[in-house]
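>>> 3D, please:
(2 chains)
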Amino acid sequence: DAMVIQNPRYQVTQFGKPVTLSCSQTLNHNVMYWYQQKSSQAPKLLFHYYDKDFNNEADTPDNFQSRRPNTSFCFLDIRSPGLGDAAMYLCATRLGADDEQYFGPGTRLTVT
Amino acid sequence: RKEVEQDPGPFNVPEGATVAFNCTYSNSASQSFFWYRQDCRKEPKLLMSVYSSGNEDGRFTAQLNRASQYISLLIRDSKLSDSATYLCVVNAGNTPLVFGKGTRLSVIA
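Below is the predicted model of the structure:
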């Protein structure tokens, strides 16, 4: 059974048109993460939540926002996507400080 | 200095070969260490955790040298299915994991 689910798997949006990516988890983990990954690069952390506490990375553009309405769900909002925002967006969860992260399958975003 | 540095790759090896990947980390407070595997256009998946005493899982052996801040992954008897990118991942307690850029492995028949 899938533990971290991301929808949609593929998203095409137009330049400047807002888009929302979603992530849900069945693991009841407190920590959730959003990463951006471009080809041949490491996943780049955008933000993470410890329960309801939101942590934004210093270099995450203001264009990216996130919501976590409850433990199970987390959303990534891109307010005005640019061509440079085309990437794989990975959601991950983690139980505690020394534990592994579980990744969702990712959403591949294309900006036209 | 980058937080986690890996061999640049790509590594192209024949089936059956033994291949080793190295990784160094800069944060001496790091406590947890992992190797993740990522297939093309897929999400990273945990390959193995790395313990101070070293650990082995079948053909895969991971070692940690805290004094040198160095982690390694050894793959013996390489299979075609081992072709992937291997990410070195480090954690310093209650902070997000830090990923290396990954080393790409191609096993050739």
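
>>> which one in chain A is furthest away from the centre?
In chain A, the residue that sits farthest from the middle, by Cα atoms, centre = their mean, is A:Asp98; the gap is 21.1 Å.

>>> per-residue pLDDT, the closest residue to it other than its chain neighbours?
Counting by Cβ to Cβ, 6 or more residues apart in numbering or on different chains, A:Asp98 lies nearest to B:Ser32, which is 4.8 Å off, once chain neighbours are set aside. Every C-beta, even on glycine, is put in place using the N, C-alpha and C of the backbone. Looking at B:Ser32, its pLDDT reads 88.

>>> partners of B:Ser32 in the sheet?
Judged by DSSP bridges, the bridge partners of B:Ser32 are B:Asn91.

>>> just checking, it touches B:Asn94?
No: at 10.7 Å, B:Ser32 does not count as touching B:Asn94 under the criterion of Cβ atoms under 8 Å.

>>> for residue 9, what are its contacts?
You didn't pick a chain, so chain A it is. A:Arg9 makes contact with A:Pro105, A:Gly106, A:Thr107, A:Arg108, according to Cβ atoms under 8 Å, 6 or more residues apart in numbering or on different chains.

>>> ah, I was thinking of chain B
B:Gly9 sits in contact with B:Gly102, B:Thr103, B:Arg104, B:Leu105, where contact means Cβ under 8 Å, 6+ apart.

>>> buried ones among those residues?
By neighbour count, with 16 or more other Cβ atoms under 10 Å in any protein chain shown, the contacts of B:Gly9 hold B:Gly102, B:Thr103, B:Arg104, B:Leu105 as buried.

>>> near chain A, from those residues?
Among the buried ones among the contacts of B:Gly9, the residues within reach of chain A (Cβ under 8 Å from any Cβ of the partner chain) are B:Gly102, B:Arg104.

>>> got the buried ones among the contacts of B:Gly9 as a markdown table, with distance to A:Arg67 columns?
A markdown table is the format used below for the buried ones among the contacts of B:Gly9 (distance: Cβ to Cβ, whole Å):
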| residue | distance to A:Arg67 |
| --- | --- |
| B:Gly102 | 30 |
| B:Thr103 | 35 |
| B:Arg104 | 35 |
| B:Leu105 | 38 |
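
>>> contacts for the helix or strand B:Ala20 falls within next, please.
Assigned by DSSP states H and E, B:Ala20 belongs to strand B:19-25. The contact list for strand B:19-25 (Cβ under 8 Å, 6+ apart) reads B:3-7, B:11, B:13, B:33, B:35, B:68-75, B:78, B:86, B:88, B:90, B:98, B:100, B:103, B:105.

>>> now the residue nearest to the spatial centre of chain A. Nearest residue, chain neighbours left out?
By Cα atoms, centre = their mean, chain A has its centre lying nearest to A:Trp34, at 3.1 Å. Excluding its sequence neighbours, the residue lying closest to A:Trp34 (Cβ to Cβ, 6+ apart) is A:Leu46, at 4.5 Å.

>>> pLDDT score for the spatially closest residue to B:Lys101 that is not a sequence neighbour?
Among residues not flanking B:Lys101 along the chain, A:Ala42 sits closest, at 4.6 Å (Cβ to Cβ, 6+ apart). A:Ala42 is assigned 89 on the pLDDT scale.

>>> I'm done for today, thanks for sticking with me.
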